[in-house]
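>>> Turn this into a structure:
(chains A and B)
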2 protein chains.
Amino acid sequence: MDPKIFEGIKQIEKELGTLSSAEKILLATDGSVTTILDVLKGHVHIRTLIQEFQKADKEAASLLDIEVGDTINYRVVVIEGQTPLIYAISMIPVERLDNDFKEDLIRADIPIGRILRKHNIESRREIKSVSLEKPDPEMVEIFKTDTPMLKRTYNIIHKDQVLVWLMETFPHSLFKD
Amino acid sequence: MDPKIFEGIKQIEKELGTLSSAEKILLATDGSVTTILDVLKGHVHIRTLIQEFQKADKEAASLLDIEVGDTINYRVVVIEGQTPLIYAISMIPVERLDNDFKEDLIRADIPIGRILRKHNIESRREIKSVSLEKPDPEMVEIFKTDTPMLKRTYNIIHKDQVLVWLMETFPHSLFKD
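Below is the predicted model of the structure:
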C-alpha cells in the first residue's frame, strides 16, 4: 500500500480511534467506489448538485496537467442509497474525452465508475491524499451530522494522462460495520 | 454492480446469513485485493506454493483466450498477514507479458496488484463468478478451519486481452468486522 494512505489513515485513527473496515477500504481502494457502495448499501444512485463546463483556473490546470483556460467538466454529486453516502467533486479535461464517454458524462446521472465499466475503459487510480476535516455547513446540511469528515483525493489515469481528478468525502459514523 | 456479483452474494447470504462488509467488498471489488488486505491487516506478503510454466490445457486456453499448448505462468499463493488470509491461483499467458513485468512475476514473491502498480499498468477487472464451497483438505490445513469458503474468479484485462485469470478464496469467519 502507498505510504501516503497508510500515514493518512494512521493520523486519522490517532484522532478518532480505530476506523471501521469499510471506512478504511473506502479511503484506500483503487477500485470502483460505486461498486463498494452498491454491495454495502444496495444499488446506489447519484444526485447531481452541479454539472457545468468551466475554464480551468491555475489550481485545476495544475491538478489535471492542462493549460489554464482549457475546458473542464466540473461535477459535484452526492452518491445516495436510502440516505446520502458520499459527497464527490470531479474535474475532467474535456479534450481528453472521446464522444461516447462525453455524452454519458454530460447526462450527469451515472457514477463515473459505472461509465468506465460501460465503456470498458482500462485505467489505474492514484491516491493523492487521505485526510480528516471539520464539516462545513453544506456537509452538515447534506449528511445531517456534524461529525468529522473523512476525505481523499485521487486521479483516474487513462493512457498515461489524468482522465478524472476526484475528491470524495463522507462523515465518520456512516460506515460503521 | 454486475448482477452476477449481486446474485452470487445473495445466494451465499441465504446459506450463511449476512456477510460482513469486508467479505462483501472482497468478493465484489474491481480494485487491488492486496491494497484492501494491507489496510485491514497491516502490510501483507505472499507465500508461493507453486510457480511454474505450464502448457495450457483446454480449460486454461478457453479461460485465457489462447491456444491449447501455449505457455502460461501458473501460480498458487497464500496471501498472509500474521496468519493466512487468502488462497489464490493465477494463470498468465506468458506471450502477453513484457519483459520487466515477466521478471517481477517470476520472482514470485510480489502480489499481482503491487506488480501492476509498480509498472503503472492500466487495466480493468471483470468478475466472472462469486460462489460458496466446502473447504477441501488443503484449505483446512492452510486456514486451520473447516468453515465454508467464499470464492470468486475474475480476469484482469489489459489492452483488451486477458492478462491474468485469478481465483481467490478465503474462509467465511476470517473477515468479521
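>>> Around the residue in chain A that chain B sits nearest to, how many other residues sit close by?
At 2.0 Å from chain B, residue A:31 is the closest residue in chain A, using CB to the nearest CB. The C-beta positions use only the backbone N, C-alpha and C, and glycine is treated the same way. Neighbourhood size, residue A:31 [other CB atoms under 10 Å in any protein chain shown]: 21.
>>> For the helix or strand encompassing residue A:155, which helices and strands make contact with it?
For residue A:155, the element it lies in under DSSP states H and E is strand A:149-158. Using 3 or more CB pairs under 8 Å, 6 or more residues apart in numbering or on different chains; DSSP states H and E as the contact criterion, the elements in contact with strand A:149-158 are helix A:21-28, strand A:124-133, strand A:161-171.
>>> on that earlier part again, now the residue of chain A closest to chain B. Nearest residue, chain neighbours left out?
residue B:31 (2.0 Å; CB to CB, 6 or more residues apart in numbering or on different chains).
>>> Touching, residue A:27 and residue A:150? I think so.
Yes - if you go by CB atoms under 8 Å, residue A:27 and residue A:150 touch, sitting 6.1 Å apart.
>>> re the thing from before, any chance of the helices and strands packed on strand A:149-158 in JSON lines, plus distance to residue A:112?
Shown next, in JSON lines, are those (distance: least, CB to CB, whole Å):
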{"stretch": "helix A:21-28", "distance to residue A:112": "15"}
{"stretch": "strand A:124-133", "distance to residue A:112": "11"}
{"stretch": "strand A:161-171", "distance to residue A:112": "6"}
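>>> Tabulate the ones you listed (TSV), appending distance to chain B and mean neighbour count.
TSV is the format used below for those (distance: least, CB to the nearest CB, whole Å; neighbours: other CB atoms under 10 Å in any protein chain shown):
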stretch	distance to chain B	mean neighbour count
helix A:21-28	4	24
strand A:124-133	5	17
strand A:161-171	10	20
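>>> sorry, back to before: could you list the paired strands of the strand holding residue A:155 along with their orientation?
Each strand paired with strand A:149-158, and its direction, by DSSP bridges: strand A:124-133 (antiparallel), strand A:161-171 (antiparallel).
>>> Reformat those strands as TSV; add mean pLDDT.
Output for the strands paired with strand A:149-158, formatted as TSV (pLDDT from 0 to 100):
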stretch	mean pLDDT
strand A:124-133	96
strand A:161-171	97
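>>> export those to CSV and tack on distance to residue B:52?
Output for the strands paired with strand A:149-158, formatted as CSV (distance: least, CB to CB, whole Å):
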stretch, distance to residue B:52
strand A:124-133, 29
strand A:161-171, 38
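>>> what's the closest of those to residue A:42?
strand A:161-171 (16.6 Å; CB to CB).
>>> just checking, next helix/strand downstream of the least confident helix or strand in chain A by mean pLDDT?
Lowest mean confidence among the helices and strands of chain A (mean pLDDT, DSSP states H and E): helix A:99-107, at a mean of 78. Using DSSP H and E, the next helix or strand after helix A:99-107 towards the C-terminus is helix A:112-118.
>>> Report all helices and strands that that following helix contacts.
Using 3+ CB pairs under 8 Å, 6+ apart, helix A:112-118 is in contact with helix A:33-41, helix A:99-107.
>>> which one of those is the most hemmed in?
Scoring the helices and strands packed on helix A:112-118 by mean neighbour count under mean count of other CB atoms under 10 Å in any protein chain shown gives helix A:33-41 as the most buried, with a mean of 23.
>>> residues in contact with that one?
A:22, A:25-26, A:29, A:44, A:79, A:81-82, A:85-86, A:111-114, A:168, A:175, B:1, B:5-6, B:9, B:21, B:24-25, B:27-30 (CB atoms under 8 Å, 6 or more residues apart in numbering or on different chains).
>>> again, 7 Å this time
Under the contact criterion CB atoms under 7 Å, 6 or more residues apart in numbering or on different chains, helix A:33-41 has outside partners A:22, A:25-26, A:29, A:44, A:79, A:81, A:85-86, A:111, A:113-114, A:168, B:1, B:9, B:21, B:24-25, B:28-30.
>>> could you give me the average pLDDT of that helix?
Helix A:33-41 carries an average pLDDT of 95.
>>> relative to helix B:21-28, how tilted is that helix?
With axes from the mean of the first three to the mean of the last three CA atoms, to 10 degrees defining the directions, helix A:33-41 sits at 130 degrees from helix B:21-28.
>>> Check what contacts the longest helix along chain A and list those residues.
Secondary structure of chain A per DSSP state H: the longest helix is helix A:3-16. The contact list for helix A:3-16, computed with CB under 7 Å, 6+ apart, reads A:19, A:24, A:27-28, A:127, A:129-132, A:148, A:150, A:172, B:39.
>>> Over to stretch A:126-136?
In this structure, residues lying in contact with stretch A:126-136 by CB under 7 Å, 6+ apart are A:2, A:4-5, A:8-9, A:12, A:15, A:27, A:146, A:148-155, A:157, A:171.
>>> likewise stretch A:49-63?
Counting by CB under 7 Å, 6+ apart, A:64, A:66-78, A:91, A:94, A:108, A:165 sit against stretch A:49-63.
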